[in-house]
Each structure stands twice: as structure tokens, then as C-alpha cells.
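Visitor: Coordinates only, no sequence provided:
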């Protein structure tokens, strides 16, 4: 089943707003096994609407328009559709009544513009709008179903969910689809691909894989399509078990869960507390942790020791350590982790010290060098990383790496418990 | 000049991510007078790429592709383009060298997949990628220019801004256009619009205005179009002078400058230092400040006192103050600001305490209540805000409000110097 989502609106073409309607529709359609073949944004122009309709009729099973139906531009899209589908606009008294009622609820008097919204194509199936004045329309031609909805998300979404989507499912028999996203941290896309190449090559043909990289995180999207949903689910879950064995430390969860949510859940479950001592990440690690509602239960706070004298005078790192080993060193980061855990009286702590860049690098410690330490109730373990040249990415990758190290400590991975 | 932006990537068609690349490109092209006629998202499929190319060649002056060039799917798009433009992939030693260098900086060994990225179409103009391994490509056919760029925003944006956009401007003659973005903080869109309504109504017809709101910030984009660039510039700058008088505290800069950059420049110029004490913002304020390269010159660090005992035991807020007035109060936030300035030995400090939500609100102090204090060398002034219900927005608005208050203190606005 081939679907085309089309947004009508100049505001997208001038880059003023993101096309969030199409993303929302694509997600909803996909989850029900309706594949979206193309998403297009076009201008508020009769020629452009006609052109894209001419191209799509017969080629797509389903064409969904959003936008172009506001009270000020209503006629343009409706007239164009009416002309294309060889019908005319007629007055719908029921719709007119509904518009008047809706406006009176908002103590707005219905004006000419609103009344014109009760004129709709004669041969279309009309869907009422319970949150606005522009109705939805459903046309059929040469084997294609063409739907037009208002562009205001607050109006479009309930109309689609409650009225139009059930009508689509009723009209088209849908295939089964099952998908899952595997969240990984710690390997860049190319290295992740090499690590799982053999597994990927041996995937059954009905399971597709997509790599979705972000700084510090690579998501693996697995999609299974076929006739029997249970069979698809079992096959996909069994493949995920296999890939988990290849990435035992890297996989931290599924389906867009965040690392900061994962560690929050682990800390809460074990009734443990956390503090952080940050240098190069400058508060970003604490920000990720505290972006999760309810994080105050396990997160007590942080000292951001951006200047070296804060590291010594406030955080209590030995002056000699910094003088002899440097602020970006195993020794400094270990003291930071130990001291913050003691000072803030927490069960666990994280410390990060590194060179975020763009300046501050040396031949021995280039930009991107980062030391991370995790203090557990019994141990302190630490690791050195070399991330890259970009400041923003170094900050993000450092924080995510630290969260994954904490996660591994919390689930008591052996390799982390023995590294003192 | 007719332009088509095309994104290649299944992740958009399945609704997993928003097509932010196209919006960014559309915005940039429009600002230079290049109109975007259509934005399309297609799948990672040779047939689909070929179909859209066949349709667009000769019809558009400019076709810009993003995506489909990651190390794991690189070959598909490149092979399809090569075939379409009747050329072949050849080895570019210079590109290979650059890829190796880039990866070695990240201490990653170049593998087969990376090496294959040095194979590029023979007859294309190649644009190096300074932030990744996939190169940009420029083809010409039947009067159309076709550009292909990687989809990772962090790689695509600098490649476009620094390499490809100058090449486009050089290739196509563009009309006169002058624009400037006015950055404001502290007023929501509707209130801002009311404040400047009269000025807006009296704008000359060749100057257009657009409101571009983000949480905590509203950008006002002014665009002047015409024949004489100097005339456009003078008229627009004179309008900006007028609007500045209507928004003396709210306008903090122009052209997408960040508040954290503005305060950094002010602190550096005056050789002043800063520290912060954060509660509800949980490190986000420090993160914004330290996201600016070179911030270590003026920013010494922060204490994030998420738990009340950290506020008292580490930050030294009087236990009695918290017990009698609460952690979210004028008194607590003043002590936080005073103490962090003393402890960290800085010239200025910022303290924030509030209820980010979704829980923790009371009838007197609902979710969104935030106190912000600024300590200057001589004074402490503070202000109470009521932002809203959303946690993420409350965190962001608090931090931006605090930065703007610091900015006003640094430029010695009278109203802030007298508020003790």
C-alpha cells in the first residue's frame, strides 16, 4: 500500500516552521503497517496542488493532504480539489450549524469567512472538525483515496485519530508490521556496523535494519513485515537477543529510551543516590540527569569545577595532583569522584575532566581527551577517551559515555567491578 | 529560480525523526532570495532517487539532496547518482587522506566502510566534509544544478554554509535582499506583538516581519526586498533603531547571537568572573555558559544544590532560611547568590531556585515559580517569575531569563543597579 503525505503551506517552504504534521502522520501510519512512500511540502498554489494530484492519482493508494484550509485560504484548496474531482461546492447546513456552535463556545461571532467554510464539495465524504472550522474531505479516483485535513495540529490530530484513521483501516486491508529500536552507546556507526556485520548479513529477508546515528548514540531500527504478527514478533525478538550478545555493554535500552531515564530507574529501584563533579562537560551531565522528572529523588547535586582553583579549594583535589599530573588525568578525575561522593554523601558519583576544545589541546593531550571516573560504594574505576575536535560533540559524548559507565556499574558488570 | 530540497532517508518516512535539515536549508535559501518550490522526503531506494531526479532535471534550477551518504548506506546513493549522471566512482586520494586524518583525531581506525567513502563520482565537483567522512557532490545536467550532501546536521550545516552556499551564490545571480534578525528575551510572542503593534503597522511595505518563537526567546525577522541594497539596509536599520526603543531590556542582540555569547563577551571585555548556584535548572545554566568556547576565561564553576542539604551543608544557606521561607524564596536565592560569589571568589554570580515540575507545586508556589538572583560586586538583586507547566520549558526559560538579567547588570541598566 503506497501512501503519499502532502503538506500545503508556504510557511514550511520558507523554513519558518518544521513539518511536524507529516512526521506525526508517518509515525501513526507506519505503526499500523501503512508504509509512507513519500512526504512532500508544496506551496498554497492551485497549480502546485493540481500538479501533485495529477502525478499521484492512480500511482498511490492513499494521498493525505494537510493544510491549506484555514479561514483565510480555505477557498483556494477547496476550489482546486472541487475542480480536480469535477464536482462543485455546496452548502452543508449541518456543518454550518456545528461551526456556529463551536465559535459561540469561544464567544466568537461567525463571520462571512466562517460561513464560507460550510461550503464543501458535493461528491466528497465530509468529516466534521470538533476543534475548528475547517472540515475534512475524502475523495476517490482511479483507485486512489485522497484525503484533505486542516493543518492546525490541534485540529488535525483528533480528526485523524477519531474519524479518518478508522475509515482508512476499514477501507484498506493492512499488512502486519513489528518493529523495535535498539539503543546503543559507545561505538560510532562504522564500528558498530563492523561489529554486527555477520549478524546483519544473516538477518531473514523480512527483517530490515536502519542505522540512525546521533552524537554519542546510534539507534538500530529493526522492522519486520509479513502476514503473521506473532511470527514477526518472535523472529525479531530472537534477532535482538543475538545482537545483544554482540553488544553487551553498548545496548542500554529499546525504543528511544534515554540513558538518563535508564540510570534514573536503576538508582530509584535500588534506593541509591548520585552526585557529579564536572569540568569539561560544564553542567551538561547534571542537566541530562535533572531533565528527568522526579530526578531529585536520587540526584543530590554537582560541583562544576571549571577553574583549577575550584577543583582544589572547593572540591578538595590535591594541589600536588593537578601540578604533577594535570587537571585532565586519571589521578585528578579519581580524586574528583571520591571527593564529591564524600562531600555530597551519595552512594555513587561521576567525575569528568577533559579538553572540550577548540583550544587547550597539547600533543600528549589533544582536544577531545576526556577522563571519566565512576565511584561506587566500594570502588572507583576510570577510563580515558579520545572523542574528537568539536566542542559540542565532545561535551555530549562525554556525558553519555559517563551515564553508560554508571549504568554498567549499577547492573554490576563484572569487568567494571574489577577495574579499581 | 526554482529550488527543490529532497531528503533521502527511511527514518523520516517512518516518522521517527523530523526533517529539520530541509527547514534549515529552506530558511537559509530564502534569506538569500532563493525561493524553495518544494520539499520532498524519499526512501533510501535507487528507484525513488532516480524517479525524483528524472522528474526534476530541467524543471528546477537547483536540486539539493541531503542524506543517504552515511558509511553504511553510502554506496546506494552514490552509485545511483553516478549511474544517473553517466559517470563512475573513482578513488580520490586527497579525500581518503582527509578521512583517515579525521578518524585518527577521534582515535578511530579507518575501516573498509570508511575507505569506500573516498570513492566518488568522476565528473562531479567534490566538497570535502570537515566534520565527517561523507563528501558533498555537485552535478550539472540540462540546466539544473544537483547537489548531494550528508544528512547528519552537524556535517551538513558547515558544509553548506562554508562551501556549497558560496558556490551557489557564485553560480546563480540573486536579487537584492537585506535582512536582520532581532533577538528578544522575556516576552512571549503575543505580548511582544502587542508592545510593537503600532511600529509594525507603520513599517514600509517593502519590509516584512516574521515572529519566530522558541521557548524563552522570540526572534523577529525583518526582511527588506528591492533593487538598491544600500537603500534597503538604511531603511531596515532605521526601523531597528525604532523597535529597540520599544524593547530596551528585551533585545539582547542580532542575527541568531546567543545570550550566553553576549554575556561572555561582556565579561571578557570587562575582565570579570562569574559563578552560578543552580537548583531547578540542574546545570542547564552552567551548560549554556560553558557551551561557548573560551568560557573558562570568565566562568569559574557552579554548585548544583539539587537537594536541600547540599544548599545548607555545601553552599552554606542558613537552615533557618529554608525552614521558614522555603527553598524557593527570595531569601534562599539571595543567600545562594551571595555564598557562591564568596566561595568561588568571582565578581558576579547567578542563583536560581524554582519548581520545574511536573510535581512539587503548591497553591502558593505553583509549578513554574522561579526565583532568580544576580549578585554584582556591590549588590544583589532578584526577581520572581511564573513560567508555566512544562518542565523542559521552565528549565530553559529560567536559564535564559537569568542570563538576560546578568546582561542588564553588566551593561549597568539603571533600574537594576537601584534594586537591592
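Guide: Nice, thanks for sending it over. Not measured: the values here are computed from a predicted model.
Visitor: Domain parsing of chain A, as residue ranges.
Guide: As assigned by automatic domain parsing, chain A contains the domains A:3-171, A:176-254, A:259-417.
Visitor: Close to chain B: what parts of the stretch 1-150 of chain A are there?
Guide: For the stretch 1-150 of chain A, the residues in contact with chain B (Cβ under 8 Å from any Cβ of the partner chain) are A:12-20, A:22-30, A:35-43, A:48. C-beta coordinates here come from the backbone N, C-alpha and C atoms, glycine included.
Visitor: from the middle of its chain, how far away would the helix ranked longest in chain A be?
Guide: Among all segments of chain A classified by DSSP state H, the helix with the greatest residue count is helix A:391-410. Its chain's average C-alpha position is 19 Å from that of helix A:391-410, according to Cα atoms, centre = their mean, to the nearest Å.
Visitor: and it, what does it pack onto?
Guide: strand A:176-185, helix A:259-269, helix A:284-290, strand A:348-354, strand A:369-375, strand A:380-386, helix A:414-417 (3 or more Cβ pairs under 8 Å, 6 or more residues apart in numbering or on different chains; DSSP states H and E).
Visitor: Against chain B, how distant is residue A:282?
Guide: 3 Å (Cβ to the nearest Cβ, to the nearest Å).
Visitor: how about the strands in the stretch 101-250 of chain A?
Guide: A:119-121, A:125-127, A:136-141, A:144-149, A:176-185, A:207-214, A:217-226 (DSSP state E, counting those that start in this stretch).
Visitor: Throw those strands into CSV and include distance to residue B:404 and mean pLDDT, thanks.
Guide: Output for those, formatted as CSV (distance: least, Cβ to Cβ, whole Å; pLDDT from 0 to 100):
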stretch, distance to residue B:404, mean pLDDT
strand A:119-121, 49, 94
strand A:125-127, 46, 96
strand A:136-141, 43, 96
strand A:144-149, 40, 97
strand A:176-185, 35, 90
strand A:207-214, 30, 86
strand A:217-226, 32, 90
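Visitor: how about the ones you listed in JSON lines, adding distance to residue B:291 and mean neighbour count?
Guide: Output for the strands of the stretch 101-250 of chain A, formatted as JSON lines (distance: least, Cβ to Cβ, whole Å; neighbours: other Cβ atoms under 10 Å in any protein chain shown):
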{"stretch": "strand A:119-121", "distance to residue B:291": "51", "mean neighbour count": "22"}
{"stretch": "strand A:125-127", "distance to residue B:291": "46", "mean neighbour count": "16"}
{"stretch": "strand A:136-141", "distance to residue B:291": "44", "mean neighbour count": "19"}
{"stretch": "strand A:144-149", "distance to residue B:291": "40", "mean neighbour count": "23"}
{"stretch": "strand A:176-185", "distance to residue B:291": "21", "mean neighbour count": "20"}
{"stretch": "strand A:207-214", "distance to residue B:291": "17", "mean neighbour count": "17"}
{"stretch": "strand A:217-226", "distance to residue B:291": "19", "mean neighbour count": "20"}
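Visitor: model confidence over whichever strand or helix holds residue A:100, on average?
Guide: Element membership for residue A:100 (DSSP states H and E) is helix A:93-105. Per-region confidence: helix A:93-105 scores 86 on mean pLDDT.
Visitor: mind listing what's buried in that helix?
Guide: Using 16 or more other Cβ atoms under 10 Å in any protein chain shown as the test for burial, helix A:93-105 gives A:95-96, A:98-100, A:102-103.
Visitor: again with stretch A:114-123
Guide: A:114, A:116-121.
Visitor: Tell me which of the strands of the stretch 101-250 of chain A sits nearest to residue B:2.
Guide: Residue B:2 lies closest to strand A:144-149 among those, at 25.2 Å (Cβ to Cβ).
Visitor: which residues make contact with the closest one from outside it?
Guide: Contact with strand A:144-149 is made by A:53, A:56-66, A:68-69, A:77, A:81, A:85, A:127, A:136-140, A:155-156, A:159-160, A:164, A:168, A:171-172, as judged by Cβ atoms under 8 Å, 6 or more residues apart in numbering or on different chains.
Visitor: Mind giving me the ChimeraX select for those, buried ones only?
Guide: Listed next is the ChimeraX selection for buried residues among the contacts of strand A:144-149, using 16+ other Cβ under 10 Å:
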select /A:53,56,57,60,61,62,63,64,65,66,68,69,77,81,85,127,136,137,138,139,155,156,159,160,164,168,172
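Visitor: Considering only the stretch 101-250 of chain A, name the residue that lies closest to chain B.
Guide: Proximity of the stretch 101-250 of chain A to chain B (Cβ to the nearest Cβ) peaks at residue A:190, 4.3 Å away.
Visitor: so that residue makes contact with residue B:115?
Guide: No. Residue A:190 is beyond contact range of residue B:115, at 10.1 Å (criterion: Cβ atoms under 8 Å).
Visitor: Please name the residues that touch the residue nearest in space to the middle of chain A.
Guide: For chain A, the residue nearest the mean C-alpha position is residue A:256 (6.6 Å; Cα atoms, centre = their mean). Neighbour list for residue A:256: A:181, A:183, A:219 [criterion: Cβ under 8 Å, 6+ apart].
Visitor: got TSV for the helices and strands packed on helix A:391-410, with distance to residue B:392 too?
Guide: Converted to TSV, the helices and strands packed on helix A:391-410 look like this (distance: least, Cβ to Cβ, whole Å):
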stretch	distance to residue B:392
strand A:176-185	20
helix A:259-269	13
helix A:284-290	11
strand A:348-354	22
strand A:369-375	26
strand A:380-386	28
helix A:414-417	31
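Visitor: Mind telling me which of these the model trusts least?
Guide: The stretch with the lowest mean pLDDT among the helices and strands packed on helix A:391-410 is helix A:414-417, at a mean of 45.
Visitor: Now do residue A:138 against residue A:88, distance only.
Guide: Here residue A:138 is placed at a distance of 17 Å from residue A:88 (Cβ to Cβ, to the nearest Å).
Visitor: again with residue A:147
Guide: 20 Å.
Visitor: and if you look at residue A:390?
Guide: 59 Å.
Visitor: now residue A:175
Guide: Distance, residue A:175 to residue A:88, by Cβ to Cβ: 38 Å.
Visitor: The two: which is more packed in?
Guide: Neighbour count, other Cβ atoms under 10 Å in any protein chain shown: between residue A:175 and residue A:88, residue A:175 has more, with 15 against 11.
Visitor: so who does the more buried one touch?
Guide: So residue A:175 contacts A:1, A:33, A:225-227 (Cβ under 8 Å, 6+ apart).
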